[in-house]
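[1] predicted model, plus sequence, below.
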Amino acid sequence: MNQARLAAAIAALAAVGFCREAYFHFWSEPHYERPIPGPPIDDEFRALRAALPPSGEVGYVTDQPILKSPGFEFQAAKQHFLQMQYAVAPVILRYDDDRAPLVIANVLDEARLPDVLRTHGLVSKAQIGPRTALAGPR
């Protein structure tokens, strides 16, 4: 095989790869990826971010357990925890820490918020949203 044929083969493979990437970027992803449900992350937690200190650690409790091992199943509670951690950064959320001076109680079912506060021995300091409260130990 001479150099001209080798260069042509490499150029052809590069063109195929480029066309494949263009297809996925411009056609497949916009049409077939499912959108993220719900409002943008920052809008949902904007009031919470304003009520937190500029940095440090706060506790985080919820009504649904979060599996700590990685897996392929969708966990709504874990997804919500990660979205909240992203939105309130650089504040660090400590999962299942109900003894911190400041604790975020976040539930998937808003009717369970008072039960979660009572179970963890917390007193609500501020109601941030229908499913989120800023609390502290009794």
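    Yep, that arrived. Predicted, not measured: the structure shown is a model, and the values here were computed from it.
[2] which parts of the top strand by length along the chain are buried?
    Ranked by number of residues, the top strand in the chain under DSSP state E is strand 122-129. Using 16 or more other C-beta atoms under 10 Å as the test for burial, strand 122-129 gives L122, I128. For the C-beta atoms, the positions are set from N, CA and C on the backbone; glycine is no exception.
[3] try stretch 53-65
    Buried residues in stretch 53-65, counted by 16+ other C-beta under 10 Å: V58, G59, Y60, V61, T62, D63, Q64.
[4] any chance of those in a markdown table, plus distance to L134, secondary structure and pLDDT?
    Below are these laid out as a markdown table (distance: C-beta to C-beta, whole Å; DSSP: H, G, I helix; E, B strand; the rest coil; pLDDT from 0 to 100):
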| residue | distance to L134 | secondary structure | pLDDT |
| --- | --- | --- | --- |
| V58 | 8 | strand | 97 |
| G59 | 10 | strand | 96 |
| Y60 | 11 | strand | 96 |
| V61 | 12 | strand | 96 |
| T62 | 14 | strand | 94 |
| D63 | 16 | coil | 92 |
| Q64 | 19 | coil | 89 |
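[5] right, and I128 touches E110 too?
    No. I128 is beyond contact range of E110, at 11.8 Å (criterion: C-beta atoms under 8 Å).
[6] okay, which residue is most central for the chain?
    With distances taken as C-alpha atoms, centre = their mean, the residue of the chain nearest its centroid is Q83 (2.3 Å).
[7] what are the contacting residues of the helix or strand where K78 lies?
    K78 belongs to helix 76-88 when assigned by DSSP states H and E. Contacts with helix 76-88, where a contact means C-beta atoms under 8 Å, 6 or more residues apart in numbering, come from 41-42, 44-45, 48-49, 52, 60, 62-67, 92-93, 95, 104, 106, 108.
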